[in-house]
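Visitor: got a structure for you, letters missing:
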Ligand code: G
Ligand code: G
Ligand code: MN
Ligand code: NA
């Protein structure tokens, strides 16, 4: 209850900050996109993980306000980066149930002047399962503006792959659980390669998440498993002001 009151106050004060985790071309030759990750430092408890406070915000019905603040900061920050770098923002399942998100996105793009092609939105695989018709309408409208839609945590949510080809998405972000043991367990590598083949067959761009070691990276490159790599092997989440330098180092 206390956490709810404090979160309400933090949101009202605009105290939710944003960290950015870069995605690189597999060979490290370019920084192409950054995922915006919401951060909240509680005055006494310190950093509260986003999966905790996002869930609290969902219970309180205020997650759309956090989404709006994160999109706004993220688009503003993206405007200060080299032009080839895109920004990827996470949406909550609640954002996808309400057409308000269309208004939020279009007004932030207008205010900040960011080209719609530089904005990506991440929706979890599980949020695509429910209320598919509303979600589909909203995602199709957003894509109509030139925004890119990514399925986050791919591979962890579906009970059935049968409608994957009908989803209004452009990118899959393969969940880090599919990367963890690829060096030790050839069956895990085969599973990952299967997901990659499936995704390529559907013309989806592939981001592999949670890549932590050079050995994992080498296998991903060897078997052409990724268009972009996100993970500690290249970078932790950083502040907006670090992005330009990381981008220059990559070139
Ligand atoms: O930053 P970290 O790696 O701890 O993120 C943990 C989880 O919180 C991830 O699943 C991420 O997608 C989610 N998350 C981070 N920022 C946001 C946000 O702004 N909105 C939503 N809905 N989820 C977020
Ligand atoms: O669910 P989502 O993919 O949005 O979550 C991103 C989360 O993954 C962030 O909390 C980020 O800190 C975390 N993360 C990013 N790279 C790595 C990594 O290489 N290993 C692990 N274990 N976590 C990572
Ligand atoms: Mn994400
Ligand atoms: Na993910």
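Guide: Structure received. Since we're looking at a predicted model, the values are computed, not measured. Ligands and ions are numbered 1, 2, ... in the order given.
Visitor: quick one: residue 199 and residue 172 touch, right?
Guide: Yes: contact criterion CB atoms under 8 Å: residue 199 and residue 172 qualify, at 4.9 Å. All C-beta atoms are positioned from the backbone trio N, CA, C, and that covers glycine.
Visitor: neighbour count winner among the two?
Guide: residue 172 (27 against 21; other CB atoms under 10 Å).
Visitor: about what we covered before: what residues are shared contacts of residue 199 and residue 172?
Guide: Contact criterion CB atoms under 8 Å, 6 or more residues apart in numbering; residues shared by residue 199 and residue 172: 154, 206.
Visitor: so where is the chain shaky, pLDDT-wise?
Guide: Scanning the chain for pLDDT under 70 picks out 130-131, 158-160.
Visitor: can you give me the strands in it?
Guide: 17-24, 31-42, 46-48, 86-90, 119-124, 148-154, 171-174, 205-209, 228-230 (DSSP state E).
Visitor: do the third one and ligand 2 meet?
Guide: No: if you take CB under 6 Å from any ligand atom as the test, strand 46-48 misses ligand 2, and the best it gets is 11.5 Å.
Visitor: Tell me the helices and strands packed up against that strand.
Guide: strand 31-42 (3 or more CB pairs under 8 Å, 6 or more residues apart in numbering; DSSP states H and E).
Visitor: ok, the strand it packs on: who's next to it in the sheet?
Guide: Next to strand 31-42 in the sheet, as set by DSSP bridges, lie strand 17-24 (antiparallel), strand 46-48 (antiparallel), strand 86-90 (parallel).
Visitor: what does this protein put close to ligand 1?
Guide: 37, 38, 49, 50, 51, 54, 70, 90, 91, 92.
Visitor: still on that earlier bit, compare the strands of the chain and give me the one nearest residue 242.
Guide: strand 17-24 (7.9 Å; CB to CB).
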